[in-house]
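> Here is my input, please return the structure:
(2 chains)
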Amino acid sequence: MSRAKPNSDPLIQQLRSVLPDSCIVSDPASMKPYECDGLSGYRQMPRVVVLPTTVEQVQAVMKACQASKTPVVPRGAGTSLSGGAMPHKNGVVLSVNRLNRILDIDGQNRCATLQPGVRNLQISDAVEHLGLYYAPDPSSQIACTIGGNVAENAGGVHCLKYGLTVHNILQVKIVTLNGDLVTLGSTAPDSPGNDLLALMMGSEGMLGIVVEVVVRLLPRPPLARVLMAAFDDIEKAGNAVANVIASGVIPAGFEMMDRAAITAAEDFVRAGYPADAEAILLCEVDGTEQEVNAQLDRVKALLDKAGATQISLAKDENERILFWSGRKNAFPAVGRISPDYYCMDGTIPRKEIGNVLTRISAMADKYGLGVANVFHAGDGNLHPLILYDANKPGDFVKAEEFGGEILDLCVAVGGTITGEHGVGVEKIDRMCVQFDEATLAQFLAVREAFDPDGLLNPDKAVPTLARCAEFNAMHVHHGKLPHPELERF
Amino acid sequence: MEIHLDKSIASQDWAKEAEAIVRKCVHCGFCNATCPTYQQLGHESEGPRGRIYLITQLLEGHPADRQTRDHLDRCLLCRACETTCPSGVPYSRLLETGRLMLEEQQPRSGLDRLKRKAMTAVIPSTGLMRAGVGIAKPLRPLLPKKLATQLPLPDKDLTRPGSLHKRRMLLLEGCAQSSLTPETNAAAARVLDRLGISLIPEASGGCCGAVRLHTSDRERGLQDIRNRIDTWWPAIENGIEAIISTASGCGVTVKDYAHLMQNDPEYADKAERISALTLDLAELIAAETAESTPKSELAQDLRVAFHSPCTLQHGQKIVGVIEALLERYGYSLVPVGDAHLCCGSAGTYAVLQPVLSGQLKADKLAQLQLSSPDLIATANVGCQLHLRKDADVPVLHWIELLDRSKG
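Got it, this is the predicted structure:
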């Protein structure tokens, strides 16, 4: 898009020798929207953006960057909520959006070969006529790319039963920093050697650029039905989740929304969520008719026992889709009740849901900020959305502190700082809370094996030990040990 | 999203409205997924989220350059993003504000200005359009095929029934439509006549304002609106029941008069009344015909691909209504993929952005013709003429199909 303009930057001149001008964005106006991804509180203008259209171009860009020791930040749809695609000030943003073709659909072997810029939902749409679908379904699935899904090991509503991205990818091709094209994994059930494919999942752009992905496709279940249960108390709803999972039922999706999230989603989708409930649970079961009916009976009885004030079954497929649509659009729909939100992504043991939500609500009072909860209850993956106003000076800092405290609490009760959104730039300091030095040193060693110069998505995902030393000194100084009253796991 | 209005504009109403729109956006990026230009170009600055970002820069007083204008110019204003947006961002209003700011900051170059001037002079002027069509018609055999497809077809029934019924509604003639596809309103008048409704023609023709508003000629666009209001007002005072639009591109604009004229003390009330009275033809016919409409034999075996114009599905949020009507009258509809995407016509876009417009048209026709339909039906004159240029099958206004089946 940018027109060739005299540019004295030697890197840009070199990129011009390997890419057509239409694939290089270097004028300030056109680059400006690249300065952040879905986490707009963190911004950095890049040095240049490239939009390659072939794998060979990706290889050429990587070689050029390695030769000039230039950082590379890969970017898919830019929907990351952890700043995974935030640019580096001296670096190239490598966008994969023009590598967006579905290369092959193999119905017999139930797999599809995709370029990294293919959108998640596009996959399921393209194979619907074969009765197949791609299971991981992050809420941003309408927009997010499969390349980004691999980099973040994306989850979604249906991961409770069908697994995360890591469980649904057969093979990837990556371009390494020195420009090599490497195939990891295979379409066979197992591939020889170490499982380097798994290493790529959630590697957040630190190990290579994903340029091709073979995904596993699943047959659409013959029947799927969703129950909506309303509760007058958020803790009761949390306990209901723990009880259902403990009973041995594995719902296809099991989600929770609190009152603020219900209000926002209802305003956009009109799904028929009860407006007076403190929390709702959406519980989907799928399988054959017999299986579904048997599971529905069990789940209904358990929800009833847990104190649900209302239980309704989506009457048909349209209503089922409508129930989910409210949930999937809930994050941005919160834009209807607050100018900005900061989305957290901690996981906790399911039995702690009620307890943790109550504590988050107390923290909200302390910080004077609102919070909306909409999350994957079935796998204990919280998504508190901290409501703030970016226009108010100091509000985002407050939101960050609030978020940090939530993540500390997640770790303290035996959970983790991220379930599916990745660490990115946002949670990098909390990695120091989650892991000890020895573990972090191993993470850094893996990174170094692929990228000795530290050029691939630098300063994200894994903190240096020096950074942790600094953070831990500050952290303990400020708040002593977070949540000292809790037993450590 | 964070925004701090530049001091020089902070007290202006339009700037405050723009600020409120930016603040509604949470930067999730869902909009890019259904944006035609983002899909074609794969560039963040060519999607709604990027454009909102660029307009935010303008509103904050950062200097813009030519690239900013290019990115905003490439927006089709199809509003697919507004349908997708969970946060409810009225993007198109913000885009028009951004374009107006740029018009003031950077005058356009000679050729660009000339093209825009020519279009805003010819299309809204029914007189000039008619004259042009009158000159071109006899030359039809000599014209290149693409140009010939843009002229009114010779074999169409243009007769309209007399005004006999008690129920009377005002029919918007449209500026381009009245000259280029006069059969549409004739068919609408006949179908409604059979339903016991008489359509009153406008006292004089003219553009609803859409053409000039969409080329950032705001003042003259607003003047077009005032002229229309003055023309229609006597009929409204005479007690017409509704104002009927047969071109969704005009309908969406007239329905927006209330908003567009809200700060005009003389016209605000009238505009509000007019917006409230305005219906797309599909809304009216769906309400007037029973579920049990007998299927017409004429419709049997005709396979129709329906192209839903953006101004219908995204602008007026009328979804599935015409499709249901066509099926009720016995036509069988073929499935159409990516039905949410724009065909590339988009008012003056086909002239101003011919390359992108052509790509979108090719993609749209590929989807529409995938199941080998007998014809393509649509609901807006702009899309109809645009698709007709390259379609392998006839492209009609859907009301002609209802008229044919004498429903």
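> Report the contact partners of residue B:295.
B:328-330 (Cβ atoms under 8 Å, 6 or more residues apart in numbering or on different chains). The C-beta positions use only the backbone N, C-alpha and C, and glycine is treated the same way.
> Kindly reformat those residues as CSV and extend each row with neighbour count.
Converted to CSV, the contacts of residue B:295 look like this (neighbours: other Cβ atoms under 10 Å in any protein chain shown):
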residue, neighbour count
B:328, 21
B:329, 22
B:330, 19
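> which one of the residues you listed is nearest chain A?
Comparing those against chain A with Cβ to the nearest Cβ places residue B:328 closest, at 19.9 Å.
> Burial check on the closest residue to the closest one other than its chain neighbours, number of neighbours?
Nearest residue to residue B:328, sequence neighbours excluded (Cβ to Cβ, 6 or more residues apart in numbering or on different chains): residue B:293, at 5.1 Å. Using other Cβ atoms under 10 Å in any protein chain shown, residue B:293 is surrounded by 14 other residues.
> if we can go back for a sec, turn the contacts of residue B:295 into a markdown table, including pLDDT.
As requested, the contacts of residue B:295 are arranged in a markdown table below (pLDDT from 0 to 100):
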| residue | pLDDT |
| --- | --- |
| B:328 | 90 |
| B:329 | 89 |
| B:330 | 90 |
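> Stretch A:331-339 near chain B at all?
Yes - Stretch A:331-339 is in contact with chain B by Cβ under 8 Å from any Cβ of the partner chain, via A:331-336, A:339.
> Throw those into TSV and include pLDDT and secondary structure, thanks.
Converted to TSV, the residues of stretch A:331-339 next to chain B look like this (pLDDT from 0 to 100; DSSP: H, G, I helix; E, B strand; the rest coil):
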residue	pLDDT	secondary structure
A:331	88	helix
A:332	88	helix
A:333	90	helix
A:334	90	helix
A:335	87	helix
A:336	89	helix
A:339	91	coil
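> will you turn those into CSV that also has neighbour count?
Shown next, in CSV, are these (neighbours: other Cβ under 10 Å):
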residue, neighbour count
A:331, 26
A:332, 29
A:333, 27
A:334, 28
A:335, 24
A:336, 18
A:339, 22
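> quick one: contacts for residue 79?
Using chain A here. A:37-38, A:140, A:143-144, A:148, B:28-30.
> That was the other one, I meant chain B.
Contacts of residue B:79 were listed using Cβ under 8 Å, 6+ apart, and they are B:91-92, B:310, B:314-315.
> pLDDT score for it?
Looking at residue B:79, its pLDDT stands at 97.
> next one: the one 4 residues further on
pLDDT for residue B:83: 97.
> For whichever residue of the stretch 201-350 of chain A sits closest to chain B, which non-adjacent residue is closest in space?
Closest to chain B within the stretch 201-350 of chain A is residue A:335: 3.0 Å, counting by Cβ to the nearest Cβ. Leaving aside its chain neighbours, residue A:335 sits nearest to residue B:87 (3.0 Å; criterion: Cβ to Cβ, 6+ apart).
> Could you look up the SS state of the residue nearest to residue B:328?
What DSSP: H, G, I helix; E, B strand; the rest coil gives for residue B:293 is coil.
> Leaving out sequence neighbours, find the closest residue to the residue in the stretch 201-350 of chain B that chain A sits nearest to.
Relative to chain A, the nearest point of the stretch 201-350 of chain B is residue B:337 (8.7 Å; Cβ to the nearest Cβ). In space, and not counting its chain neighbours, residue B:337 is closest to residue B:367: 4.7 Å by Cβ to Cβ, 6+ apart.
> cool, residue B:288 as well?
Computed as Cβ to Cβ, 6+ apart, the closest residue to residue B:288 that is not its neighbour in sequence is residue B:195, at 5.0 Å.
> Tell me, how many residues neighbour the one you found?
For residue B:195, the neighbour count with other Cβ under 10 Å is 13.
> what's the pLDDT at it?
pLDDT at residue B:195 comes out at 94.
> Name all residues that make contact with residue A:104.
The neighbours of residue A:104, taking Cβ under 8 Å, 6+ apart as the test, are A:112-113.
> Apologies, that question was intended for residue B:162.
So residue B:162 contacts residue B:198 (Cβ under 8 Å, 6+ apart).
> Quick check: phi and psi at it.
Backbone dihedrals for residue B:162, given as degrees, to the nearest 10, come out at phi -70, psi 170.
> Distance of it relative to residue B:193?
Remark: distance between residue B:162 and residue B:193 (Cβ to Cβ, to the nearest Å) = 9 Å.
> In the chain, which residue is most central in space?
Picked chain A for this. Geometric centre of chain A, nearest residue: residue A:421, 2.9 Å, by Cα atoms, centre = their mean.
> wait, chain B
Centre-nearest of chain B using Cα atoms, centre = their mean is residue B:249, 1.9 Å out.
> Surely that residue touches residue B:311?
Yes - proximity of residue B:249 to residue B:311 meets the contact threshold set by Cβ atoms under 8 Å, at 4.6 Å.
> what sits in contact with each of these two?
By the contact definition Cβ under 8 Å, 6+ apart, residue B:249 and residue B:311 are jointly contacted by residue B:380.
> Any chance of CSV for the contacts of residue B:295, columns secondary structure?
Formatted as CSV, these follow (three-state DSSP):
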residue, secondary structure
B:328, helix
B:329, coil
B:330, coil
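> ok, those vs residue A:81, which is closest?
Nearest to residue A:81 among these is residue B:328, at 45.4 Å by Cβ to Cβ.
> measure the closest one to residue B:123 for me?
Applying Cβ to Cβ, the value for residue B:328 to residue B:123 is 34 Å.
> What number of residues are in the vicinity of the residue nearest to residue A:335?
For residue B:87, using other Cβ under 10 Å, the count is 25.
> Is it correct that it is in contact with residue A:329?
No - counting by Cβ under 8 Å, residue B:87 does not reach residue A:329; the two are 9.0 Å apart.
> Can you give me the domain assignment for the chain?
No chain was given, so I picked chain A. A:10-95, A:102-219, A:223-267+A:277-330, A:334-479 (automatic domain parsing).
> looking at chain B here, not the other one
B:13-105, B:126-285, B:293-404.
> Rebuild those as a markdown table, extending it with distance to residue A:414.
Below are the domains of chain B laid out as a markdown table (distance: least, Cβ to Cβ, whole Å):
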| stretch | distance to residue A:414 |
| --- | --- |
| domain B:13-105 | 31 |
| domain B:126-285 | 54 |
| domain B:293-404 | 45 |
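> List the contacts of the residue of chain B found nearest chain A.
Relative to chain A, the nearest point of chain B is residue B:87 (3.0 Å; Cβ to the nearest Cβ). For residue B:87, the contact set (Cβ under 8 Å, 6+ apart) comprises A:268, A:332-336, B:24-26, B:28.
> Could you name the specific helix or strand carrying it?
Using DSSP states H and E, residue B:87 sits in no helix or strand.
> Please apply the same query to the one 10 residues further on.
For residue B:97, the element it lies in under DSSP H and E is helix B:91-105.
> Could you see whether chain A lies near that helix?
No - Helix B:91-105 lies out of reach of chain A by Cβ under 8 Å from any Cβ, never closer than 11.2 Å.
> need the next SSE after that helix, C-terminal direction.
Note on helix B:91-105: by DSSP H and E, the next helix or strand toward the C-terminus is helix B:110-122.
> and the angle from the helix or strand following that following helix to helix B:110-122?
As assigned by DSSP H and E, the chain's next helix or strand after helix B:110-122 is helix B:126-136. Relative orientation of helix B:126-136 versus helix B:110-122 (axes from the mean of the first three to the mean of the last three Cα atoms, to 10 degrees): 100 degrees.
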